[in-house]
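[1] Here is my input; please provide its structure:
(chains A, B, C and D)
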Number of protein chains: 2
Amino acid sequence: MNTPAEHPRHILVVEDEPHLAAGVVENLRAEGYEVDSVADGQRALDWLQANSCGLVLLDVMLPEVDGFAVCRTLRERGDNTPVLFLTARGDPADRVRGLEAGGDDYLAKPFHLRELLLRVRAILRRWDWYQSASAADGAVLRFGGNEVDFRAFRARSWNGFAQELTEKEAMILKVLAERPGEIVSREDLLERVWGYDVFPSTRTVDNFILRLRKRFERDPANPRHFLTVWGVGYRFMSGAGS
Amino acid sequence: MNTPAEHPRHILVVEDEPHLAAGVVENLRAEGYEVDSVADGQRALDWLQANSCGLVLLDVMLPEVDGFAVCRTLRERGDNTPVLFLTARGDPADRVRGLEAGGDDYLAKPFHLRELLLRVRAILRRWDWYQSASAADGAVLRFGGNEVDFRAFRARSWNGFAQELTEKEAMILKVLAERPGEIVSREDLLERVWGYDVFPSTRTVDNFILRLRKRFERDPANPRHFLTVWGVGYRFMSGAGS
DNA sequence: AGCCGCCGTGATGGTTCTGTGACACATCAG
DNA sequence: CTGATGTGTCACAGAACCATCACGGCGGCT
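    Purely as a prediction, here's the structure:
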């Protein structure tokens, strides 16, 4: 079964209008993605059976097999590769149909390339995350007697207790731990963890810090690893840094 | 067609409120950018047809043609100059509207100058041509046995004590340290640190100098680094200059 | 349907930072 | 020397911000 983890920066573009396809492909490549492109639904399904990728850009209006059908078939196969629908019509009902077919997002044509790139980035960010977690082979973070395994969302805390991290907890921890000693603003965290079009309050971030402290700090009220930077954000210290 | 490649360090500010525009322009110039400014949407479009730049700072609420419309027109022209929206409303949905209009980022007023500068830098950094941020940035400042890391708002003073600088302290120190040996007036400091919409008294500046002296001077009463220029302002000396 | 765990928000209380006034001291003009 | 003006220093109050808790919504699982 295909999983996006295998080729997270690889994108398949399914679009029958050659000019549009070329433009999209070009721009995605310029952003550093690997891109393949096919022109109809059947070929898309064939390609996806033989290969894997991190995202499918799927035009709804396709000759032969339309985009919704492609996506449904894909899901029936057990393939969970993220799908971003492109459609000519602005009909919001299409969005619902797309989501029902198992799509992840939806963009109405004509769209701005910039917006497309933003959405692609947002969708792939999730997988970027898995990738970097496994890439840093020793994807086990150690600090102050704690041990965190990002692959399994698992951790063992300083006092020996096993901890099952939630997804958000793990992501926040990871973003912080990527830049030890540096300040990470709440906005950074929101953007990196939640994405560009979701707006939880900054209070939410505080809460996750609170949870991380409870899990990993010996004295959560006097944190040594998850430090507050007043007026800005937080900073992660792994060691006995002073 | 305009591309940011031509003038990557050039910024156009489109803002109708003169005082805000002045503050923003001044701060951007101090960071080393070339800055032009116009006061309404039509002039912005005219300017952008005749010139090119690396970034447009675009107020949403403008007389005549609003910011979204300016951006849309720009994109229809095929101009992909990055656009950073400024808006009076804090409504996060505006961010999406801005992105849909073809913008690159979005900042709600009232914003902190520091944040504005960070975002400007982030956007311009996407273009490889623009490598180095401002001089004092990211660097570690050393003087008289002290060590200041502006990235982390942290410092170690001559006697070895760790110092957690507050935001304002760090900013004032940075502005002073950018021009070692030069006189910086209180008005300059107010403009650079507090920005466009706050007007503390000059007394406040004195107080922050006091705090900096306490942190970093061996004998705060006889300062060797944070010197008073009577009747004008202050001057920062990094070395043993006297 | 019912249960449970995760997530986001609001309220509350405590902490830190910031700006100001007061007063003493320093500097300058005459 | 004397007054006028600017600065050093301190303490304080208000503002801004954060930690923490409790609660409700939502979705997944049984």
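[2] interface residues of chain A facing DNA strand C?
    A:164, A:166-169, A:194, A:198-201, A:203-204, A:207, A:230-231 (C-beta under 7 Å from any atom of the strand). The way it works is simple: take the backbone N, C-alpha and C, and place the C-beta from them, glycine included.
[3] Narrow those residues to those that are buried.
    A:Lys168, A:Glu169, A:Trp194, A:Thr204 (16 or more other C-beta atoms under 10 Å in any protein chain shown).
[4] Report the two of those separated the most.
    Farthest-apart pair in these is A:Glu169 and A:Trp194; separation 13.2 Å (C-beta to C-beta).
[5] Dump the buried ones among the residues of chain A next to DNA strand C into CSV; add pLDDT and secondary structure as well.
    Formatted as CSV, those follow (pLDDT from 0 to 100; DSSP: H, G, I helix; E, B strand; the rest coil):
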residue, pLDDT, secondary structure
A:Lys168, 91, helix
A:Glu169, 93, helix
A:Trp194, 84, helix
A:Thr204, 95, helix
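[6] mind listing the strands for chain A?
    For chain A, applying DSSP state E gives strands covering A:10-14, A:34-38, A:55-59, A:83-87, A:105-108, A:140-143, A:146-149, A:154-156, A:162-164, A:183-185, A:226-229, A:233-236.
[7] least reliable of those going by mean pLDDT?
    Among the strands of chain A, strand A:105-108 has the lowest mean pLDDT, at a mean of 78.
[8] on contacts alone, who are the packing partners of that strand?
    strand A:83-87, helix A:92-100, helix A:113-135 (3 or more C-beta pairs under 8 Å, 6 or more residues apart in numbering or on different chains; DSSP states H and E).
[9] Can you tell me which of the buried ones among the residues of chain A next to DNA strand C is closest to DNA strand D?
    Proximity of those to DNA strand D (C-beta to the nearest atom of the strand) peaks at A:Thr204, which lies at 9.1 Å.
[10] Apart from its chain neighbours, what residue comes closest to A:Asp197?
    In space, and not counting its chain neighbours, A:Asp197 is closest to B:Val96: 5.5 Å by C-beta to C-beta, 6 or more residues apart in numbering or on different chains.
[11] scratch that, A:Arg43 is what I was asking about
    A:Val14 (8.0 Å).
[12] ok, back up a step: just name the most buried of the strands of chain A.
    Each of the strands of chain A was scored by mean neighbour count; the highest is strand A:55-59, a mean of 26, by mean count of other C-beta atoms under 10 Å in any protein chain shown.
[13] Next, the angle strand A:83-87 makes with that strand.
    Here strand A:55-59 runs at an angle of 20 degrees relative to strand A:83-87 (axes from the mean of the first three to the mean of the last three C-alpha atoms, to 10 degrees).
[14] which other residues reach strand A:55-59?
    A:4, A:10-17, A:24, A:44, A:48, A:67, A:70-71, A:74, A:81-87, A:103, A:120, A:123-124 (C-beta atoms under 8 Å, 6 or more residues apart in numbering or on different chains).
[15] Could I get the CA-only coordinates of it as CSV?
    Below are the C-alpha coordinates for strand A:55-59, written out as CSV (Å, rounded to 0.1, in the frame of the first residue of the first chain):
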residue,chain,number,x,y,z
LEU,A,55,0.2,14.7,-2.7
VAL,A,56,-2.1,14.4,-5.6
LEU,A,57,-3.3,17.6,-7.3
LEU,A,58,-6.5,16.4,-8.9
ASP,A,59,-8.6,18.2,-11.5
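[16] quick one: strands adjacent to it?
    strand A:10-14 (parallel), strand A:83-87 (parallel) (DSSP bridges).
[17] Take these and lay them out in JSON lines including distance to B:Phe150.
    As requested, these are arranged in JSON lines below (distance: least, C-beta to C-beta, whole Å):
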{"stretch": "strand A:10-14", "distance to B:Phe150": "38"}
{"stretch": "strand A:83-87", "distance to B:Phe150": "40"}
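[18] for the residue of chain A found nearest chain B, phi and psi?
    In chain A, the residue found nearest to chain B is A:Phe199; the distance is 3.9 Å by C-beta to the nearest C-beta. Dihedral pair for A:Phe199: phi -130, psi 70, per degrees, to the nearest 10.
[19] contacting residues for A:Glu15?
    Here A:Glu15 is in contact with A:Ala21, A:Val24, A:Ser37, A:Ala39, A:Leu57, A:Asp59, A:Leu86 (C-beta under 8 Å, 6+ apart).
[20] near DNA strand D, which residues of chain A show up?
    Near DNA strand D, when you scan chain A using C-beta under 7 Å from any atom of the strand, you find A:202-203, A:206-207, A:209-210, A:213, A:220-221, A:228-233.
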